[in-house]
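*Asks:* here is a sequence with its predicted model. Questions after.
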Amino acid sequence: QVQLVETGGGLVQAGDSLRLSCAASGLTFPIYNMGWFRQAPGKEREFVAGIKRGLTITYYADSVKGRFTISRDNAKNTVYLQMNSLKPEDTAVYYCAASALDLYSRNYDDRRSYAYWGQGTQVTVSS
């Protein structure tokens, strides 16, 4: 049974940093492309960042470029999202997702590319 468990969310002030973790089990982690999405109240779930399996190729939404960094540790079956210079508009539930598909760069931001999802972790940024 595949499980993705996100941790690291919390309440912070604007300008602060947080690091989210997503621990995966029940799958062969190194062969999965991983993504982070977020969903704010009343809004659709949106792509934040993605990282290609086996390589260090990463993708980011324009809204987080230069502030967020996605990384993975295949030995620990974990993907991370380092979030710096947080803004109130970053407030959302953050989800990690896993895809075994052979994705092109244009597919990383498509929710349909991902077969497995975590339950999410809340990030709240106060002004």
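*Replies:* The structure has been received and is ready for your questions.
*Asks:* tell me the contacts of the nearest residue to residue 53 once chain neighbours are set aside?
*Replies:* Computed as Cβ to Cβ, 6 or more residues apart in numbering, the closest residue to residue 53 that is not its neighbour in sequence is residue 33, at 5.0 Å. Where you see a C-beta, it was placed from the backbone N, CA and C, and this is true even at glycine. When contacts are counted by Cβ atoms under 8 Å, 6 or more residues apart in numbering, residue 33 touches 50-53, 98-101, 103, 108, 113.
*Asks:* middle-most residue in the protein, spatially?
*Replies:* In the chain, the centroid-proximal residue (Cα atoms, centre = their mean) is residue 36; its distance is 1.9 Å.
*Asks:* ok, that residue to residue 28 distance?
*Replies:* Look at residue 36 and residue 28: by Cβ to Cβ, to the nearest Å, they are 20 Å apart.
*Asks:* got any ranges where this protein has weak pLDDT?
*Replies:* When residues are selected by pLDDT under 70, those of the chain lie in 55.
*Asks:* can you rerun that using 50?
*Replies:* Counting by pLDDT under 50, the chain contains no low-confidence segment.
*Asks:* part of a helix, is residue 19?
*Replies:* No: secondary structure assignment places residue 19 outside any helix; it is strand (DSSP: H, G, I helix; E, B strand; the rest coil).
*Asks:* got a list of what it touches?
*Replies:* Taking Cβ under 8 Å, 6+ apart as the test, what residue 19 contacts is 8, 80-83.
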